[in-house]
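Q: Have a look at this prediction, sequence included:
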Amino acid sequence: MQNDFYEVTTPATEQPIDFPTASEWCRDIELADTALVTALIESDVEFLESMTNRVFVKRSITGKFAEFCLSPYENYPFVEIRRSPLVSISEVRLNGVALDSSDYLLKESSSFARLWYLGSENVDTDLAYPIEIDFVAGYGDGSAISITSISRVGSLVTVVTSSAHNFVSNIFALIAGAVETEYNGNHQITVVDGTTFTYVISSTPSTPATGTLTVEWVIPELIKTMVEQMVLFHYENRGDISTDARQQIPFVAKQIIKKYRIVNTYG
């Protein structure tokens, strides 16, 4: 079994929901309870991230690993980066020395990514965690990226951004600003390269799209709803929570956890 742990090096700049959103959802929150509700949001997000094995808002993390794993289903020794969705890797170190990018490959997945080790140096067993990986994980932080062009062939829409988007396939991206409004909205995407991705639509707007076009990687609405449900439950039941952990998660949140929870991985 993989022995690993993770340290947040750059915290998220925001939470999936804020006090005004929670107040609107809960309807009867007192303004005097701002600090309490803010604390509930933070603690419930941390709890739900641990339950789903996902990072809700983008942040920088260092993963530390005791050894490489072996599997008959993998071509190389590997470590599994158990923080999802993985956005990018900035550095990999073995025995305290940074590896060249040619020494490893990333095997991406909709669950946990795996980093294959292609080098020949052995792990220093005198070190507790000789393998370290600096990476960014999490859904988007709400920062919009300018789009250079949106074009359509049949039902396939191709989007080119003006700078690196850092998206991964299968996430939902929010398109905005198109005069041809059929292009706008949340769309599940497939990444082509660092500045290009595609998605499918059922309508037939004129091509190319016009307007001031932007895209951002948004936190899935169901994740926001899950957090809102947890905050509402703990706010309304503050001081009166059962010690039975099974009763501390409202039904709606449980169902969303089931949808997003990463348990079994491939290979």
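A: The structure has been received and is ready for your questions. Bear in mind that the values here come from a model prediction, so they are computed numbers and not experimental data.

Q: Straight-line length of stretch 132-143, end to end?
A: One end of stretch 132-143 sits 28 Å from the other (CA to CA, to the nearest Å).

Q: who's in contact with that stretch?
A: Stretch 132-143 is contacted by residues 9, 12-14, 55-65, 79, 81, 83-93, 115, 166, 171, 216-220, 223 when judged by CB atoms under 8 Å, 6 or more residues apart in numbering. The way it works is simple: take the backbone N, C-alpha and C, and place the C-beta from them, glycine included.

Q: mind listing which of those residues are in helices?
A: Among the contacts of stretch 132-143, the members falling in helices (DSSP state H) are Ile223.

Q: Buried among the contacts of stretch 132-143? Make that a PyMOL selection.
A: What follows is the PyMOL syntax selecting those of the contacts of stretch 132-143 that are buried according to 16 or more other CB atoms under 10 Å:
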select buried, resi 12+55+56+57+58+59+60+61+62+63+64+65+79+81+83+84+85+86+87+89+92+115+166+171+216+217+218+219+220+223
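
Q: Extract the C-alpha set from the lowest-mean-pLDDT helix or strand in the chain and format it as CSV.
A: Counting by mean pLDDT, DSSP states H and E, the weakest-scoring helix or strand in the chain turns out to be helix 19-26, with a mean of 84. Once non-C-alpha atoms are left out, helix 19-26 reads as follows in CSV (Å, rounded to 0.1, in the frame of the first residue of the first chain):
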residue,chain,number,x,y,z
PHE,A,19,-21.0,34.0,3.5
PRO,A,20,-23.6,35.7,1.2
THR,A,21,-24.1,32.5,-0.7
ALA,A,22,-24.5,30.5,2.5
SER,A,23,-26.8,33.1,3.9
GLU,A,24,-29.1,33.0,0.9
TRP,A,25,-29.1,29.2,1.0
CYS,A,26,-29.8,29.0,4.7
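
Q: Next, report how far that helix is displaced from the centre of its chain.
A: On the basis of CA atoms, centre = their mean, to the nearest Å, helix 19-26 sits 23 Å off its chain's mean C-alpha point.

Q: Residues contacting that helix, please?
A: The set of residues that contact helix 19-26 without belonging to it, under CB under 8 Å, 6+ apart, is 17, 29, 34, 37-38, 40-41, 224, 228, 231-232, 235-236.
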